[in-house]
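Student: can't give you the sequence, but here's the structure:
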């Protein structure tokens, strides 16, 4: 934690900082190293001044998992159907196109230019995109080094454990074997608050709406599995359209003109339950099934 305090306060020169981040990334950051960075970031992030009547879902999108931008943007927009507030945070750009900021802009959700505007967006629309630089200039600076270093660093991982603005949000994270995201389970368990961890097996492409990942709720050091990963031996559900058709298809799903993929329905049930918008998990599944016109189990 003392080392990360020095990093975030600008006490290391560029050469020292690059060497530190690169060496940690190549070795693989330990849970203790990531938790130290999380604590330093949490102490320096901007605060949203008001409380929400409903616990929000935080969707961090920092480019750790292939396809996360489209997956996260669709989930954020879909959850508005159930009156669950959503805070999306991450960099404005993305190594994959289109970025989450671009996809959300297509649906009228613009990046918040200030924390005050983020508060107003949450009050009025139940959704806000908070750029990493706005949430924490120190975080934004570390994340931006990806362009110069050529790879993600510890900040991209630690950001997933942040409760953006101190709202008491349920943090959502995606874990894929063989990537920097595979250590997120340990980090989320080591930090306070609730989290939903989505885990895809190595045999399935992540963020693929044709397959449901394992969905687990982490709270107070305990893990409860809400949905097991689907059997990869089954026939896959129809895959959503490719990049060229994705935006109109996403709009159709959000506007209820196209059916929501079953994995999205399952994930929405988990979010409604984790956010406390239903009395229990069975009721959460029933609420989502009623709105979607299909069974969510």
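Tutor: The structure has been received and is ready for your questions. Quick caveat: nothing in here was measured; it's all calculated off a predicted structure. Numbers count the residues shown, from 1 in each chain.

Student: can you pull out the strands in the protein?
Tutor: With strands called from DSSP state E, the chain shows them at 57-60, 86-90, 127-131, 170-175, 195-199, 214-219, 222-227.

Student: For the fourth one, enumerate the helices and strands it packs against.
Tutor: When contacts are defined as 3 or more CB pairs under 8 Å, 6 or more residues apart in numbering; DSSP states H and E, strand 170-175 sits against strand 57-60, helix 68-79, helix 184-190, strand 195-199, helix 262-274. All C-beta spots, glycine's among them, are computed from the backbone N, C-alpha and C.

Student: winner for burial among the ones you listed?
Tutor: Per residue and on average, the most neighbours among the helices and strands packed on strand 170-175 fall to strand 57-60, with a mean of 28 (mean count of other CB atoms under 10 Å).

Student: and that strand, which strands flank it?
Tutor: strand 86-90 (parallel), strand 170-175 (parallel) (DSSP bridges).

Student: Can you add mean pLDDT and mean neighbour count and give those strands back as JSON lines?
Tutor: Converted to JSON lines, the strands paired with strand 57-60 look like this (pLDDT from 0 to 100; neighbours: other CB atoms under 10 Å):
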{"stretch": "strand 86-90", "mean pLDDT": "96", "mean neighbour count": "28"}
{"stretch": "strand 170-175", "mean pLDDT": "97", "mean neighbour count": "25"}
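
Student: I'd like those strands laid out as TSV, including distance to residue 197.
Tutor: Supplementary listing: the strands paired with strand 57-60 in TSV, determined by distance: least, CB to CB, whole Å:
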stretch	distance to residue 197
strand 86-90	17
strand 170-175	5
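
Student: Tell me where the stretch 151-297 of the chain is predicted with low confidence.
Tutor: Counting by pLDDT under 70, the ranges of the stretch 151-297 of the chain that qualify are 232-240, 293-297.

Student: To residue 22, which of the strands paired with strand 57-60 lies closest?
Tutor: Each of these has some distance to residue 22 by CB to CB; the shortest is strand 86-90, at 21.5 Å.
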